[in-house]
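# Fold the stuff below for me.
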Amino acid sequence: MRFRLTLHRYATLTAAATFLLLAAGSLVTSTDSGLAVPDWPLSYGTWMPPMVGGIRFEHGHRIVAGLVGLMILVLVVWIARREPRRWVRRLGALALGSVIAQALLGGLTVILLLPSSVSIAHACLGQAVFCLVVSLAWGTAPGWGARPVLLDDPGRPSTGALARSAALLAAAQLILGAVIRHTGRALMAHMTGAVLLLAAAAWAAARAWRWRHRAPAVWAAAGWLLLLLLGQLVLGVSVFFHRGSLPLRTGHVLIGSLVLVQAVLLAWEAARAFRPTPPSHGVGLQWLRIIGELTKARLALLVLLTTAVGYWLAMRASEELGGLLPVCLGTALVVGGANALNQWLERGPDARMRRTQSRPIPSGQLAPEAAFRIGLLLSVAGIVVLATTVNMLSAVVAAASWASYVLIYTPLKRMTPLCTLVGAVPGALPPVIGWAGARNSLAPEAWALFALLFLWQLPHFLAIAVLYRTDYARAGFPMLPLIEPDGRMTARQMLLYGLALVPISLVPSVVGLSGTVSFYGALILSGGFLLVAVRAAWLRSPQSARVLFRASIVYLPALLALLAVDRTPR
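Okay, here's the model as predicted:
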């Protein structure tokens, strides 16, 4: 118990420090001091510039951010070493990753001269970090444990649903508030959202009042949320009539962060206290899970990362950053549709392979006709989104990627091991889609990114083929490890592609897409990946292939992150 109490106190202290960080950030925007310091991470080339004018707000914010980051790091390490609950450890890892991303976004706001989209993301992620740290403090509190689970109200919406709605509305209000703060727009939507949030919170409090004796924590959370909201409404009206007031503007932001946290805690307490009455929302969640498996949502995330990097590297001005969302949306729809149609075409072999038997079609969760319609609809929608909201060139490249994957690669998988080379083409085109979306043209730099993705996929695919050799044999796919059982050709190709990846990974820096840091970083990463490929080629075992596969999963995001962070302004 003493350990829990000590950890809880430190987590609470970290949450309080994060709240102060939000206050410091609010002072920066309220005083228009965002560009008082023109460089990052240093301030006028030093760690401690003269604290005068707007510098004291901006640099003071950076000092507090650094201290809070260190505190969160200590908290996460402490939790990882001592906390037995997996969900707490995962929550801590998410908090640490979020605060690192928040620091990078803060740097981008300065480097790109306060683009509204990055500034909004920076503000919203800061609030998310605060929620995560408060949740860690809440979860490590003494006395945390199992509580009696009550059957929620049979009426709709239930107490739990109202609590979740309040949390979602509070998050939406946070985003709208950031949009107003950095663009001056969306005031009417923010006011409407405030009314809806107040209604949801009042409704949830009325429901919680019925359970105040059996679920006091839910009632306390709902009551506090209602009180905070009333105070926030008073501040909001005051800010509207006194927009130049620094205390009012800062207070409105800070109380808003407390509203968001309290709404999240209310949803959390309601989820702990109540069991939903049938029919629950399980059918909808089950349907979303099936669609996610059909479209290979986790793989699509990596594709979107490469698309975003292609767009980011091609972007000429920070004002173009707003075009990233439609590019990613259109690409995600095309990729999801292609994956769904791939599963529709391969439903027979998938039913014979152990690693794919649980997919929606072979497992009977989704009819083949429904999967075909979903895949076709998503594919067409993605092409239309790119053609109408981005440009025709990005739509053409996406259509070429779709066609090469669905119409060429998928049939070739049953015919020849050369299908791996063909399959690497659609996998390497997403950064080209991103580049085309930003420039409406294709330059040699775009094809350098294509070559990088193309070569990366080959040892990645070969490692998978070695690991699932038996499965591929059962399905009738003539992969290279099957047609030459001794593995010599597979080993040579792993080594060849790993070796070729070293100079290709340096090309983006050589052609001016990124700087010196990414050049040496790519050299180190590619050299390490080559050593893993050499080991896999030498040992020719499933274990070494698994290490190569895992190394490839780490290698690509790390290299893309280097290119993005060390991007050379165009």
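
# Find me the pLDDT at residue 557, would you?
If you check residue 557, the pLDDT there is 88.

# Which residue is the nearest non-sequential neighbour of it?
Residue nearest to residue 557 in three dimensions, not counting chain neighbours: residue 305, with 6.5 Å by C-beta to C-beta, 6 or more residues apart in numbering. All C-beta atoms are positioned from the backbone trio N, CA, C, and that covers glycine.

# which stretch of helix or strand covers the spatially most central residue of the chain?
Centroid check for the chain by C-alpha atoms, centre = their mean gives residue 301 as the closest residue, at 8.1 Å. According to DSSP states H and E, residue 301 maps onto helix 297-314.

# next one: stretch 313-327 to chain centre, how far?
18 Å (C-alpha atoms, centre = their mean, to the nearest Å).

# what sits up against that stretch?
Identification of contacts with stretch 313-327 by C-beta atoms under 8 Å, 6 or more residues apart in numbering yields 112-113, 115, 117-118, 307-308, 311-312, 385-386, 389-390, 394, 431, 433-435, 437-439, 443, 445-446, 449, 508, 513-514, 563-564, 567, 570.

# And stretch 475-482, by the same measure?
With C-beta under 8 Å, 6+ apart, stretch 475-482 has contacts from 349-350, 352-353, 413-417, 420, 462, 465-466, 469, 472-473, 487, 489-490, 493.

# Equivalent analysis for stretch 287-306, please.
Stretch 287-306 is contacted by residues 328, 331-332, 335-337, 339-340, 343, 359-361, 365-366, 371, 374-375, 378, 427, 430-431, 434, 449, 453, 556-557, 560 when judged by C-beta under 8 Å, 6+ apart.

# Can you give me the end-to-end span of that stretch?
28 Å (C-alpha to C-alpha, to the nearest Å).

# Look at residue 155 and report its pLDDT.
53.

# For the buried ones among the contacts of stretch 475-482, write the corresponding ChimeraX selection.
Remark: buried members of the contacts of stretch 475-482, expressed as a ChimeraX selection using 16 or more other C-beta atoms under 10 Å:
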select :349,350,353,413,417,420,462,465,466,469,472,487,490,493
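
# Quick one: buried ones out of the contacts of stretch 287-306?
Those of the contacts of stretch 287-306 that meet the buried threshold are 328, 331-332, 335-337, 339-340, 343, 359-361, 365-366, 371, 374-375, 378, 427, 430-431, 434, 449, 453, 556, 560, by 16+ other C-beta under 10 Å.

# among those, which are in helices?
Among the buried ones among the contacts of stretch 287-306, the ones falling in helices (DSSP state H) are 328, 331-332, 335-337, 339-340, 343, 371, 374-375, 378, 427, 430-431, 434, 449, 453, 556, 560.

# so where is the protein shaky, pLDDT-wise?
1-5, 143-157, 275-285, 318-319, 570 (pLDDT under 70).

# which residues of it fall in strands?
The residue ranges that make up the strands of the chain, judged by DSSP state E, are 150-151, 274-275.

# returning to that earlier point: so how far is residue 557 from the residue nearest to the centre of the chain?
10 Å (C-beta to C-beta, to the nearest Å).

# ditto for residue 461
Distance from residue 461 to residue 557, by C-beta to C-beta: 17 Å.

# One more: residue 110?
Residue 110 is 24 Å from residue 557, by C-beta to C-beta.

# cool, residue 381 as well?
27 Å.

# count of neighbours near the nearest residue to residue 333 once chain neighbours are set aside?
Counting by C-beta to C-beta, 6+ apart, residue 333 lies nearest to residue 382, which is 3.0 Å off, once chain neighbours are set aside. Residues lying near residue 382 (other C-beta atoms under 10 Å) number 24.

# Only the buried residues of stretch 529-548, if you could.
For stretch 529-548, a neighbour-count test (16+ other C-beta under 10 Å) marks 529-530, 532-534, 536-537, 540, 544-545, 547-548 as buried.

# Looking at those residues, which are in helices?
Per DSSP H, the subset of the buried residues of stretch 529-548 in helices is 529-530, 532-534, 536-537, 544-545, 547-548.

# number of nearby residues for the residue lying closest to residue 57 once chain neighbours are set aside?
Nearest residue to residue 57 in three dimensions, chain neighbours excluded: residue 33, at 4.1 Å (C-beta to C-beta, 6+ apart). Burial of residue 33 is recorded as 19 neighbouring residues (other C-beta under 10 Å).

# pretty sure residue 33 is touching residue 58, no?
Yes. Between residue 33 and residue 58 there is a contact at 4.8 Å, judged by C-beta atoms under 8 Å.
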